[in-house]
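Chemist: What would the 3D arrangement of this be:
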Amino acid sequence: MDKINLAEQFAKINEYWQPLVVGELNGQLVKLAKVKGEFLMHHHEEEDEMFLVVRGQLEIVFRDRKELLEQGEFLVIPRGVEHMPVAAEEVEIMLFEPASTRNTGNIVNERTVENPRSIL
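Modeler: Modelled structure (predicted):
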């Protein structure tokens, strides 16, 4: 058991949309990422996904609406729901998701991270 300093871990992230695994519990990974710009519309067949905004504002675009997450707010996106994270400015996020969750969900492309970097 080691405590994790979020500021120190975010300082290690130099690329957008590249998650860093900082913890694991009950088959779930705790990931940090810096994001900016649009990601891609995708969904996760088998996994729910939780976005927690640590710093900044993150917009989650759905097919029928948009949800703006402010610092300190989180949203759980149920499996199968198409979504696209969008960050007008740099945003620091924490993700809680099963270890099997691919960052691009049902899509495999140049943004797919099969084995995220880990501090574990």
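Chemist: only C-alpha atoms for contact and neighbour calcs from this point on.
Modeler: OK.
Chemist: Residue 62 versus residue 81, what's the distance?
Modeler: Going from residue 81 to residue 62 by C-alpha to C-alpha, to the nearest Å gives 8 Å.
Chemist: before we move on, what about residue 5?
Modeler: 32 Å.
Chemist: Of the two, which one has the most company?
Modeler: residue 62 (15 against 9; other C-alpha atoms under 10 Å).
Chemist: Surely that one is in contact with residue 84?
Modeler: Yes: here residue 62 reaches residue 84: they are 6.6 Å apart, a contact under C-alpha atoms under 8 Å.
Chemist: Need the per-residue pLDDT for residue 36.
Modeler: Predicted confidence (pLDDT) for residue 36: 98.
Chemist: just the one 3 residues further on next, same as before
Modeler: The predicted structure scores residue 39 at 96 on the pLDDT scale.
Chemist: With the one 5 residues further on instead?
Modeler: pLDDT, the model's per-residue confidence, is 94 for residue 44.
Chemist: quick one: it and residue 83, what's the gap?
Modeler: In this view, residue 44 and residue 83 are 9 Å apart by C-alpha to C-alpha.
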